[in-house]
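> Any chance you can model this:
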Amino acid sequence: MNDEQQGELILVATPIGNLGDLSPRAAEVLRTADAIACEDTRHTRKLLSAQSITGKRLLAVHEHNEADAAQGIVGLVARGQRVALVTDAGTPGISDPGTRVVAAVVAEGLAVSCIPGPVAFISALIISGLATDRFVFEGFLPVKGADRRRLLQAVAGEVRTTVLYESPHRILDTLIDLHGACGDDRRVSVSRELTKRFEQTWRGRLVDAVVAVGDPRGEYVVVIEGAAPPPEVKVDLEQAVRTQLATASGSTRDVADAVAASTGRPRNEVYDMVVTVKRELATGAAPAIGGTVAP
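Predicted structure coming up:
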C-alpha cells in the first residue's frame, strides 16, 4: 500500500439475486480494496469467485458484532486503507448492517463514499403500479406486541405509499394484519425473488392478498397504497379574520400573518381580506370581498 494513499470506507451495493447486476465499477472496487467488510464471509466469497477475485482480506460485520467491528474498520481507514463494505444482497445500511460503521467512520472525520446499485425496495416500488412520487420505507415490521400494532395503524393512516420487507415465514401473518388495519380495498403489490429466475409480483387488493401469495417462498417486498387524504376542511376566511381582529391587536400585516398561518390560505388572499374587513368595521360599509384596498 502506498503510504500516501488516503483511507476510505466504500459502501458497495451488490446483486439482490442476479449476479449480472454487479456493476463493473463495483467489481473494480472489490478487486482493489485493501479489505472487504461483509455480512457473511461465505456468501461474499461466492460473489468474489464469480468475478475471479481472490486473496482478499474479509472482515465479518453482522448485526451481532457491528458496533465492535466498526472500531476496527475506523482504525484501518485511519491508517490509509480502502475498505469496501458489502452485505449479502443489496445496499449496505438498508435493513442490513452498515449504518453503525458509517457513523463511526464519519465521527472520526474520515472519508466515506458509495458505489450505488441494487436496492430491493426501490425495485419493488417502481414496478408496483402504485404512486412513487412520495413514499415511506419501513423495513421489517416489529414481530409482535404494541410496537407492531402501532406501526400497522401508522401504515393504515399513511397517505404516502408504504414499502415493507417481510420474510417467508411471516408474510401471511403480515398480510392478514395489514388487511385488518387497512381494510379490503387498499391496493397492494407483493414481490418475491426479485431479479431471480422465479421472480414474481402480484398486484391486487388486500382482501385477496393471502390467497394470492399462497405457499410462501423467498424474501418479500410489500408495497401498500397510501390512504385517502383527509377531506379538506373549508375555512370561512372572513370569519377567521374577524375572530383574529376581535381577539388580538396588531397591524394589518400581523393579522394577515396570523390568519394565514392558522388557516393555510395564501397570504396575499388573507391580506386582502384583512384590509376589506378593517374597512367595513371602520366605515360600516358592506365588505367588498376580493377587492384590494390600501391599509
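
> For the protein, give the helix that spans the most residues.
The residue-count maximum for a helix in the chain (DSSP state H) belongs to helix 267-283.

> same question for that helix, mean pLDDT?
Helix 267-283 shows an average pLDDT of 90 in the prediction.

> With only the CA atoms kept, save that helix in CSV.
What follows is the C-alpha trace of helix 267-283 in CSV, where atoms were taken according to Å, rounded to 0.1, in the frame of the first residue of the first chain:
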residue,chain,number,x,y,z
ARG,A,267,-51.0,35.2,2.5
ASN,A,268,-52.0,37.6,-0.3
GLU,A,269,-55.6,36.4,-0.2
VAL,A,270,-55.7,36.8,3.6
TYR,A,271,-54.1,40.2,3.5
ASP,A,272,-56.8,41.5,1.1
MET,A,273,-59.5,40.1,3.3
VAL,A,274,-58.0,41.8,6.4
VAL,A,275,-58.0,45.1,4.6
THR,A,276,-61.6,44.6,3.4
VAL,A,277,-62.9,43.7,6.9
LYS,A,278,-61.0,46.5,8.6
ARG,A,279,-62.5,49.0,6.2
GLU,A,280,-66.0,47.6,6.8
LEU,A,281,-65.5,47.8,10.5
ALA,A,282,-64.3,51.3,10.3
THR,A,283,-67.0,52.7,8.0
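
> Give the other helices and strands that it contacts.
Contact analysis of helix 267-283 by 3 or more Cβ pairs under 8 Å, 6 or more residues apart in numbering; DSSP states H and E lists helix 237-247, helix 252-263 as its packing neighbours. Yep, even glycine has a C-beta here, placed from its N, CA and C like the rest.

> Near the closest residue to Ala50 other than its chain neighbours, how many residues? Count them for me, please.
When the adjacent residues along the chain are set aside, Ala50 lies closest to Leu19, with 5.3 Å between them (Cβ to Cβ, 6 or more residues apart in numbering). Using other Cβ atoms under 10 Å, Leu19 has 12 other residues around it.

> before we move on, the earlier item: so which bits of the longest helix of the chain are buried?
When burial is assessed from 16 or more other Cβ atoms under 10 Å, helix 267-283 yields the following buried residues: 270-280.

> any idea how far it is from the chain center?
Average the C-alpha atoms of helix 267-283, do the same for its chain, and the two points are 44 Å apart (Cα atoms, centre = their mean, to the nearest Å).
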